[in-house]
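>>> Next comes the sequence, and after it the predicted model I'd like to discuss.
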Amino acid sequence: AARVRLVLAGGLDERLPEQVACHAELLAEAGALGLQECVELRTNVSAEERGALFARAGAVVYTPSFEHFGIVPLEAMAAGRPVIAVALGGPCESVAHGETG
């Protein structure tokens with residue numbers, strides 16, 4: 001059977017309590033659901049790490065609502081990965097259903 005892994009990658013500013021709390025909640029929820037072996041939270045990844053994540057990804061999910069542009073979908077497409085994105089804001093300009101996303 002294929003092993004599916006969810007990697008959540010993004011910034012974490014430890015000076016912001018709401019970000020620290022959200023990170024802790026995500027870790028706790030994954031543990032409570034018994035998914036700690038399948039879910040990985042990666043914070044503040046370097047460009048090199050981001051490239052490696054794209055290279056291994058089966059798809060990239062981009063969720064920020066009302067992002068002005070968003071470079072992540074373009075980086076994913078450049079890596080040849082399909083993109084699933086919210087239909088709001090910037091992704092509407094670069095992610096076309098059935099074509100680029």
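Now that the structure is in, tell me what you want to look at. Residues are numbered from 1 along each chain as shown.
>>> Please pull up the helix or strand immediately following the lengthiest helix in the chain.
Determined from DSSP state H, the single longest helix within the chain is helix 17-32. For helix 17-32, the following helix or strand on the C-terminal side (DSSP states H and E) is strand 39-43.
>>> in this protein, which spans are strands?
Applying DSSP state E to the chain gives strands spanning 6-10, 39-43, 60-62, 83-85.
>>> hang on, Glu49 packs against Arg42?
Yes: at 7.2 Å, Glu49 counts as touching Arg42 under the criterion of C-beta atoms under 8 Å. Yep, even glycine has a C-beta here, placed from its N, CA and C like the rest.
>>> Cys22: what's it in contact with?
For Cys22, the contact set (C-beta atoms under 8 Å, 6 or more residues apart in numbering) is empty.
>>> any idea how far Glu93 is from it?
Plainly put, Cys22 is 27 Å away from Glu93 if you go by C-beta to C-beta, to the nearest Å.
>>> Quick one: residues contacting Leu53.
Leu53 sits next to 7, 9, 42, 45 when contact means C-beta under 8 Å, 6+ apart.
>>> pLDDT of the longest helix of the chain, averaged?
Mean pLDDT, helix 17-32: 96.
>>> quick check: angle from that helix to strand 6-10?
Angle, helix 17-32 to strand 6-10, by axes from the mean of the first three to the mean of the last three C-alpha atoms, to 10 degrees: 170 degrees.
>>> how about helix 17-32: buried residues?
23, 30 (16 or more other C-beta atoms under 10 Å).
>>> That concludes my questions; thank you for your assistance.
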